[in-house]
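**Q** Structure for the following, please:
(one chain, ligands or ions: 1)
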Amino acid sequence: MEYSFRNCTLEDFDFLFELKKENFKWYVDKIWGWKDDDQKERLQQDLNEHLSHKRIIMVNNKSIGVYVVHTTEDGDLFINEISILAEYQNKGIGRKILEEQLKENHKKGIRTILQVFKHNPAKKLYEQLGFKIYGETETHYQMENVNDFMINKEKIFPIGIGTWKINYQDNKDIEALFHSYKLGQNYLSLYMLYEDGNIVKSLKSFIEKCGRENLFISVNIEPTVNEKSDIEKQLNEYLDILNLDYVDNLQLHSPKFTKLPLLDTYFEMKRLQEIGKTRYLGISNCSLEQLKEINTNVKLDFFEGVYNLECKMNESIGILDYCKKNDIEFVAYQPLRRNRTQLKNYELLVELSQKYNKTQNQIILNWIMKEKKINVLIKSTNCYRIDENIKSLDFEMEENDYKRLNDFNNEEFENIKIDWDNVGDGIRIDQLPNQF
Ligand SMILES: NC(=O)c1ccc[n+]([C@@H]2O[C@H](COP(=O)([O-])OP(=O)(O)OC[C@H]3O[C@@H](n4cnc5c(N)ncnc54)[C@H](OP(=O)(O)O)[C@@H]3O)[C@@H](O)[C@H]2O)c1
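**A** Residues are numbered from 1 along each chain as shown. This is a model prediction of the structure:
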């Protein structure tokens, strides 16, 4: 449902009083007792003092709610109130307003805070949006939203669900994905190449059960694009199999998968974005030059590339930096190098693992997400390891330890030649993390 805002005036008093009564009388009665006169006096005083903080929420030219925010002395954005008439509740309006607000605040790096009556069911919505309790009074929970891993455009959990080698015939694997989802993982990355599309097919009911709107679905154009129409055909295949109207991100798995000039491929993908079949566009496994060429002509939102402790090529060739400067979210695949890094027992990882009482993989993931501020894509269908990976977000390391991880280099990876132009000279970039 579409909404808009207008400024609040003193003439809104009657509407605001009825709204307040409808939404808060129950709680006030329970705690202090509700008296109309007393509440009217409080509202009048509030309006006199804070009129400029209030905006009236409108739907079809009708006042249906109020949204009140102000900036605190610490620079946080305090959401004082978001109230909507009962008949307009549960239509996604409140959620949309908060999502927009959080998107703006995350972009600016602003903490968002609010308080909610302890019995108010709205607390659940706030939790879904990433608010966490940081304090409480006798009557309220104080909640904050400081998730600095969120992608500017969306609320995306920093650990995405990878799907390579999921056993699509084993229900236990799909059940494990539900475990990931319940813990907040909402970025689902799909590739038609994996198991001839059978993995994509097996995830239809997973998506339906999670609720399409609760997932961010990224799909890959692959394998070959011979002509322009192949792109829409490939996208339609995902949409048909999964019974979706749109995907969230559409990306070329690798420039080597298109026989068209790269830009023509992206002009066509842009057209698919304009007609609403995808919300964002991305690219995976391309060189810095290719990335720049596309992004200068067609705005990209995502770059999916290899990044882990041993293999930092996408950083050393400047892709990471270009993404940061151009508002492109870098999503790191193979952050654990399929557990290969841990098995090497590098001195530094062993030391930090003991120091922080975390596994080596948790040290790696914590460094990538907290220090490098990169989201990761991990495949795990083991609930124990899913928990382990998510718990890598629960701690901080000392600045100097992050620096040592930043400086860590594995010489084995340094001199590998990458075949960027797909001419058979060197190895494909997506094969890089599988070396050694
Ligand atoms: N764009 C591209 O070219 C590209 C290339 C490669 C990958 N990807 C995407 O990125 C995703 C992640 O990459 P990946 O699956 O190759 O590698 P990965 O996520 O680094 O590693 C996955 C492997 O590690 C195991 N694992 C996960 N967490 C673990 C932990 N805490 N401790 C020990 N083992 C753990 C998993 O086994 P269990 O399931 O048994 O836990 C699985 O065998 C893929 O699934 C795919 O979606 C994209």
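
**Q** And this protein, what are its domain boundaries?
**A** Listed domain ranges for the chain are 4-145, 159-434 (source: automatic domain parsing).

**Q** First-to-last residue distance for the shortest one?
**A** Same thing as domain 4-145. 24 Å (CA to CA, to the nearest Å).

**Q** start at 265 instead
**A** Yes, from this point I'll number from 265; that puts the last item at domain 268-409.

**Q** show me what contacts D585?
**A** E579 (CB atoms under 8 Å, 6 or more residues apart in numbering). Using the backbone N, CA and C atoms, a C-beta is placed for each residue, glycine as well.

**Q** measure it to the ligand for me?
**A** 20 Å (CB to the nearest ligand atom, to the nearest Å).

**Q** where's that residue, which helix or strand?
**A** Here D585, judged by DSSP states H and E, is contained in helix 583-589.

**Q** related to what we said a few turns ago, burial-wise, tell me which of the domains of the chain comes out on top.
**A** Mean neighbour count (mean count of other CB atoms under 10 Å) peaks for domain 423-698 among the domains of the chain, with a mean of 18.

**Q** still on that earlier bit, can you put the domains of the chain in a markdown table and add mean pLDDT?
**A** Compiled in a markdown table, the domains of the chain are given as follows (pLDDT from 0 to 100):
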| stretch | mean pLDDT |
| --- | --- |
| domain 268-409 | 92 |
| domain 423-698 | 95 |
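
**Q** Measure how far the helix holding D585 is from the centre of its chain, please.
**A** Here the centre of helix 583-589 is set off from its chain's centre by 18 Å, with CA atoms, centre = their mean, to the nearest Å.

**Q** same deal with stretch 595-607?
**A** 20 Å.

**Q** for the ligand, what are the nearby residues on the stretch 465-614 of the chain?
**A** With CB under 6 Å from any ligand atom as the criterion, the stretch 465-614 of the chain meets the ligand at residues H517, S548, N549, E568, Y597, Q598, P599, L600, R601, R602, N603.

**Q** Next secondary structure after the longest strand seen in the chain?
**A** Using DSSP state E, we find that the single longest strand of the chain is strand 326-335. Downstream of strand 326-335, the next assigned helix or strand under DSSP H and E is strand 341-348.

**Q** That following strand packs against which elements?
**A** helix 277-295, strand 326-335, helix 357-372, strand 376-381 (3 or more CB pairs under 8 Å, 6 or more residues apart in numbering; DSSP states H and E).

**Q** which stretch among those comes nearest the ligand?
**A** For the ligand, the closest of the helices and strands packed on strand 341-348 is helix 357-372, at 23.9 Å, according to CB to the nearest ligand atom.

**Q** just the angle between that closest one and strand 341-348, please?
**A** Helix 357-372 and strand 341-348 are oriented at 170 degrees to each other (axes from the mean of the first three to the mean of the last three CA atoms, to 10 degrees).

**Q** of all of the protein, which residue lies closest to the ligand?
**A** For the chain, CB to the nearest ligand atom, closest residue to the ligand: G426, 2.5 Å.

**Q** K284 versus the residue nearest to I361 when sequence neighbours are not counted, what's the distance?
**A** The shortest distance from I361 to any non-neighbouring residue, by CB to CB, 6 or more residues apart in numbering, is to Y331 (6.0 Å). To K284, Y331 is 14 Å away according to CB to CB, to the nearest Å.

**Q** What of Q624?
**A** Applying CB to CB, the value for Q624 to K284 is 54 Å.

**Q** And for I592?
**A** 44 Å.

**Q** again with T488
**A** 61 Å.

**Q** again, but for L378
**A** In terms of CB to CB, L378 sits 17 Å off from K284.

**Q** same question, S469
**A** 43 Å.

**Q** Which strand residues bridge the residue nearest to I361?
**A** R319, I346 (DSSP bridges).

**Q** just checking, it touches S268?
**A** No. Y331 is not in contact with S268 according to CB atoms under 8 Å; the separation is 11.2 Å.

**Q** got any residues that touch both of those two?
**A** I321.

**Q** Please name the nearest non-neighbouring residue to the residue of the chain closest to the ligand.
**A** Here the residue nearest G426, using CB to CB, 6+ apart, is K643, at 3.5 Å.

**Q** got a list of what that neighbour touches?
**A** I425, G426, T427, W428, K429, I430.

**Q** And it, its phi and psi?
**A** With angles defined as degrees, to the nearest 10, K643 sits at phi -100, psi 120.

**Q** Can you name the residues that contact K429?
**A** With CB under 8 Å, 6+ apart, K429 has these contacts: Y458, K643.

**Q** any idea which helix or strand carries V640?
**A** Once you assign secondary structure using DSSP H and E, V640 falls within strand 639-642.

**Q** Check what contacts that strand and list those residues.
**A** So strand 639-642 is contacted by 413, 415, 420, 422-426, 451, 453, 568, 593-600, 629, 632-633, 653 (CB under 8 Å, 6+ apart).

**Q** swap the cut-off to 7 Å and go again
**A** Here strand 639-642 makes contact (CB atoms under 7 Å, 6 or more residues apart in numbering) with 413, 415, 420, 422-424, 426, 453, 593, 595-597, 599-600, 629, 632-633, 653.

**Q** same thing with stretch 534-541?
**A** Under CB under 7 Å, 6+ apart, the answer for stretch 534-541 is I495, E496, L499, Y510, L514, T542, L545, V562.
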